[in-house]
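**Q** turn this into a model:
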Amino acid sequence: MSTLGGSPLDDTDRQIIAALQADGRRPYSQIAEELDIPASSVRYRVQRMEENGTLQIVGIANPLTIGFDRFAMVGIRVAPGTAPEVCRRLRELPETSYVIMTAGNYDVMAEVICRDTDHFTDLMNRRLHLIDGIVSTDSFFVLEVHKLAYGWGVGEVDTSLLDAPQPPLGAGLDQRP
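**A** Have a look, this model is predicted:
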């Protein structure tokens, strides 16, 4: 039994999550019928998962199609020991939709969504770069969105990649004696 948000998830919770990831507006009565449980149980479980932070039901829009012209990932390097506080401060900015602490070239990554170049410039120069602990940033503008999905972790795993053609035996390996 795995846990998210501190509460254990059982198979019924996972099935409810999978159903809502496919269609967040799906009536609880339909989910209940498919799972052969009362609708009140679905309602209770969804409420519990929302309250403990396991589940959030939202409408996701492609920002590039609704008037936001600058959609970027920002790689952020921070002073040692400041990553948690930098993440907290970034979380407070209305332009950030995604903030994560990472391992690798960047200590923190943030997805930012801005109306236009002026808005992006203001965010970077007048607010983001003034956060204590930020040492440097690299911006990666999104040109096109080819997949924007949030249905992971509870449904069936797509194994199509596992069925992809494999490289010839020994390809890419140093075969010198």
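
**Q** you'd agree Phe68 is up against Glu111?
**A** No. Checked against Cβ atoms under 8 Å, the pair Phe68 and Glu111 is beyond contact range at 11.6 Å. All C-beta spots, glycine's among them, are computed from the backbone N, C-alpha and C.

**Q** which parts of this protein belong to which domain?
**A** 3-51, 63-141 (automatic domain parsing).

**Q** surely Arg45 is in contact with Asp13?
**A** Yes. With contact defined as Cβ under 8 Å, Arg45 reaches Asp13; the gap is 5.9 Å.

**Q** low-scoring stretches of this protein, by residue?
**A** Within the chain, the segments meeting pLDDT under 70 span 1-7, 148-177.

**Q** show me where it has its helices.
**A** With DSSP state H as the criterion, the chain has helices at 11-22, 28-35, 39-51, 83-91, 117-122.

**Q** how about the domains of the chain in a markdown table, adding mean neighbour count?
**A** Formatted as a markdown table, the domains of the chain follow (neighbours: other Cβ atoms under 10 Å):
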| stretch | mean neighbour count |
| --- | --- |
| domain 3-51 | 15 |
| domain 63-141 | 15 |
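
**Q** tell me where this structure has strands.
**A** Shown for the chain, the strands assigned by DSSP state E span residues 3-4, 7-8, 70-78, 96-101, 108-114, 134-141.

**Q** re the thing from before, out of the helices of the chain, nearest to Glu144?
**A** helix 117-122 (17.4 Å; Cβ to Cβ).

**Q** packing partners for the closest one?
**A** When contacts are defined as 3 or more Cβ pairs under 8 Å, 6 or more residues apart in numbering; DSSP states H and E, helix 117-122 packs onto strand 70-78.
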